[in-house]
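> pasting the structure only:
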DNA sequence: TGCGAAGACGAACGGTCGTGCTATTAACGC
DNA sequence: GCGTTAATAGCACGACCGTTCGTCTTCGCA
């Protein structure tokens, strides 16, 4: 890994954490550069546009998400235990990544839901992937006999994500520790 | 109502709608002024600071919310029908207000959850009020015999809001019309 | 040992932001 | 109708934004 790549990773790491607090639009080239002890133009040269920086930041957060949530949860036994594992890893992943602003994608979803462009498109794709991952785990739980065979996997994943969202929101906004 | 108040209301109306798209921080004095055919300083004079504008905008959205959701829903029969009415009015209220950016408070919650200051404080208060309103309606539904007496009203309201959130998100981000 | 490319820097650009001032115009009570 | 006051406009400011450009350092490789 060349020196440029090392710097680039450090930038993205910091940018992703910051974006959970101030949003992807709230990221500033100068601010990031200051935090990392770089010059504004030095940092800019890694991406050549702010949009490219946002895109790269989201890709970075995506791979982080897979490492911190999907992979660990897949190590749990098939069926309901794995679903519970998904839930717990999802709730824990922001702080596991050292990001104090909550889930990167929840913040991005609220920010980008009515904009357009490639950044939004990427987010939509990742959210669909996530719901598919959940629905697939539900399907397994059904075939394992943990759930009644008449549950709709997509609908269940959907509602499960709803509970995740409201838990996330109450935890963060109301500072209320009831899970 | 004097002329100043009329103008002020027009500003807040537009600001609230815009904030559902670009966020409270994304509001700009100059942009609002242009949209309304005012001068930047003329608009500014109504609030004397951007934070005061944000505060006033949120208060405005609050009273709109009461008019568009709480009051109509309270006209439904006590118990479960009223809860369903809450759900439906909540889902419909952004477009009823002519705001294309989704629920004002959902957007604000994601934006302000890790900031601090009076704007956030006001939002937290309003979110608590909303959950209390829901929980109260659940309590009524229990006492009417529509729900089993062992349901925890707060917990139920909480989960119900979760379903609202995920529905809102999927509607807006994924453009998926399944309610 | 020297060279070329990669990486970072510093200054500057046009633009927009929130926020003061002062002047001008509009509305409203007597 | 007039005078007072509220409402709005005009202008300028310092700060910060993303972006560009030319320069300088650093380092692997011939």
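Sure, I can see it. All values derive from a computational prediction rather than experimental measurement.
> Ignoring the adjacent residues along the chain, who's closest to residue A:85?
Sequence neighbours aside, residue A:76 is the residue nearest to residue A:85 in space, at 3.7 Å (criterion: C-beta to C-beta, 6 or more residues apart in numbering or on different chains). For the C-beta atoms, the positions are set from N, CA and C on the backbone; glycine is no exception.
> got it, and residue A:24?
In space, and not counting its chain neighbours, residue A:24 is closest to residue A:54: 4.7 Å by C-beta to C-beta, 6+ apart.
> circling back: may I ask which helix or strand encompasses the residue nearest to residue A:85?
Per DSSP states H and E: residue A:76 is located in neither a helix nor a strand.
> Tell me the pLDDT of it.
For residue A:76, the model assigns a pLDDT of 96.
> Pull the contacting residues for it.
A:82, A:84, A:85 (C-beta atoms under 8 Å, 6 or more residues apart in numbering or on different chains).
> just to revisit the earlier point, what distance do you get for the residue nearest to residue A:24 to residue A:37?
Distance, residue A:54 to residue A:37, using C-beta to C-beta, to the nearest Å: 22 Å.
> Isn't residue A:47 up against residue A:56?
Yes - contact criterion C-beta atoms under 8 Å: residue A:47 and residue A:56 qualify, at 6.3 Å.
> which is the next helix or strand following the top helix by length along chain A?
The helix that spans the most residues within chain A, counting by DSSP state H, is helix A:118-143. Next helix or strand after helix A:118-143 toward the C-terminus (DSSP H and E): helix A:153-173.
> by how many degrees do that next one and helix B:118-143 diverge?
Interaxial angle of helix A:153-173 relative to helix B:118-143 (axes from the mean of the first three to the mean of the last three C-alpha atoms, to 10 degrees): 130 degrees.
> tell me what helix A:153-173 is packed against?
Packed against helix A:153-173 by the contact rule (3 or more C-beta pairs under 8 Å, 6 or more residues apart in numbering or on different chains; DSSP states H and E) you find helix A:80-96, helix A:118-143, helix B:104-112, helix B:118-143, helix B:153-173.
> Tell me which of these lies nearest to residue B:21.
helix B:104-112 (8.1 Å; C-beta to C-beta).
> Which positions in chain A make contact with chain B?
A:20-21, A:23, A:25-26, A:100-102, A:106-107, A:109-115, A:123-124, A:127-128, A:158-159, A:161-167, A:169-170, A:172-174 (C-beta under 8 Å from any C-beta of the partner chain).
> Pull up the per-residue confidence for the residue nearest to residue A:162 when sequence neighbours are not counted.
What sits nearest to residue A:162 in space, not counting adjacent residues and going by C-beta to C-beta, 6+ apart, is residue B:166, at 3.1 Å. pLDDT recorded at residue B:166 is 91.
> again, but for the one 3 residues further on
If you check residue B:169, the pLDDT there is 88.
> Distance of the residue lying closest to it once chain neighbours are set aside relative to residue B:121?
In space, and not counting its chain neighbours, residue B:169 is closest to residue A:109: 6.0 Å by C-beta to C-beta, 6+ apart. Computed as C-beta to C-beta, the residue A:109 to residue B:121 distance reads 24 Å.
> Looking at those two, which is more packed in?
Between residue A:109 and residue B:121, residue A:109 has the larger neighbour count (other C-beta atoms under 10 Å in any protein chain shown), namely 23 against 12.
> chain center to the helix or strand bottoming out on mean pLDDT in chain A, what's the gap?
Ranked by mean pLDDT, DSSP states H and E, the weakest helix or strand in chain A is helix A:153-173, scoring a mean of 90. Mean-position distance between helix A:153-173 and its chain equals 14 Å (C-alpha atoms, centre = their mean, to the nearest Å).
> secondary structure class for residue A:116?
The local conformation at residue A:116, judged by DSSP: H, G, I helix; E, B strand; the rest coil, is coil.
> By mean pLDDT, show me the worst of the helices and strands packed on helix A:153-173.
helix B:153-173 has the lowest average pLDDT among the helices and strands packed on helix A:153-173, namely a mean of 90.
> Show residues contacting that one.
Contacts for helix B:153-173 (C-beta under 8 Å, 6+ apart): A:109, A:112-114, A:123-124, A:127, A:158-159, A:161-167, A:169-170, B:83, B:87, B:90-91, B:102-103, B:106, B:130-131, B:134-139, B:142, B:147, B:176-179.
> which residues are in contact with stretch A:88-101?
If you take C-beta under 8 Å, 6+ apart as the criterion, stretch A:88-101 is touched by A:16-22, A:64-65, A:68-69, A:72-73, A:102-104, A:107, A:164, A:167-168, A:171, A:179, B:113-114.
> coming back round to it: and the least confident helix or strand of chain A, which residues are buried?
Buried residues in helix A:153-173, counted by 16 or more other C-beta atoms under 10 Å in any protein chain shown: A:153, A:156-173.
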